[in-house]
Structures are given as C-alpha cells and as structure tokens.
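> take a look and give me a structure for this.
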Amino acid sequence: MPLYLIALGVVVLDQATKWLIEATLSVGQAILIVPHYFAIVHVLNPGAAFGLFAERSSAFRNPFFIAISVLAGVMIISYYHRHLQGEWRPTLGLGLILGGAIGNLIDRLRLGMVVDFLDVHYSQYHWPAFNVADSAISVGVGLMLLDMFLTSRRARHP
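Now for the predicted structure:
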C-alpha cells in the first residue's frame, strides 16, 4: 500500500503544478525567480529526458513513450509485490519512479507531450527544463542505487 500512496502523492503534486503552469503562463513564457540561476518557464517537451527522441515523428514517439511508461509501471508493481514489501528505501524509490512515470504518462495521453517548467541555469547555460515527475523519477532512481549499494555493502561486511 505505501507504494501506491507515494505514487499517488507524486501524481497529484505533478499534475497540480502542471495545471498551475498551464493556467498562468503561455508556452514559452518565463518568470525569473533567481536571476542567472532559476526560472519558471512553460515548455512542452515532445521527447524524453533531455529531449531524447524529440525529433522523431509523433506517430512513433507517442506510442513508444506510452508503451514504455505502461511497461515500467507493470514491472515496478510486480517487483514491489514479489520482493519489497516492508522495505522502506526501495519502496520509496519505486513509488517515486512509478508516480513520476504516471504523471508524465498523463501528459502524453492528454497532450502528446510533457509539460516542463523548472529551468535551472547558470547565466546562458541551461539544464533542460523538467517537472515534478522528472524530479521524482531522478530521486527514486537515486534511492534505488543507494539501497543497492548499502545492501551489497551489508552482504560483504555483515
């Protein structure tokens, strides 16, 4: 159950922030928050992380990303039920990944692309814009890697 609550929390926060961006900013419009470092910007990303596959046709891209998201969700849920019930770190990590995947899947089904709005930059050098779902996926992967490292370390040094 915690996996689903974590995922639901991520989806709600992700979709609420995207709704707020869509309701207040036109596509391409930005609000500078910290000069030279951080802005809120309304971007529509047809690709994956860092715009991967953005140049591919939507006839390929949309079904591909939808299928990957559904497959990832099924694999996460299956792995959780088989191996992780009661382990908090990997459950939190997988819940964040699942919620992020669902959040971006909703955008792809609704718009055919993903709403991004967090713009981290240094002067004119920009990290690709991202959103709450992307952040949750990144943190979730980090927690999974940390858990794998700690688990293997415990196995070597009981």
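> can you pull out the residues in contact with stretch 82-96?
Applying CB atoms under 8 Å, 6 or more residues apart in numbering, the set of residues contacting stretch 82-96 from outside is 2-7, 10, 76, 79-80, 136-137, 139-144, 146-147, 150. To be clear about C-beta, it is placed using only N, CA and C from the backbone, and glycine gets the same treatment.
> spatially speaking, which residue is in the middle of the chain?
residue 134 (2.5 Å; CA atoms, centre = their mean).
> could you say which helix or strand holds that residue?
Assigned by DSSP states H and E, residue 134 belongs to helix 132-156.
> and residue 40, by the same measure?
Assigned by DSSP H and E, residue 40 falls in strand 38-45.
> and that strand, how far from the chain's centre?
15 Å (CA atoms, centre = their mean, to the nearest Å).
> same check, this time on stretch 8-15
On CA atoms, centre = their mean, the centre of stretch 8-15 falls 10 Å from the chain's centre.
> can you list contacts of that stretch?
95-96, 98-100, 102-104, 106, 131-133, 136.
> next one: residue 39 relative to residue 23, how far apart?
Shown here: residue 39 relative to residue 23, a distance of 18 Å by CB to CB, to the nearest Å.
> more neighbours: which of those two?
Counted by other CB atoms under 10 Å, residue 39 and residue 23 do not tie: residue 39 has more neighbours, with 18 against 7.
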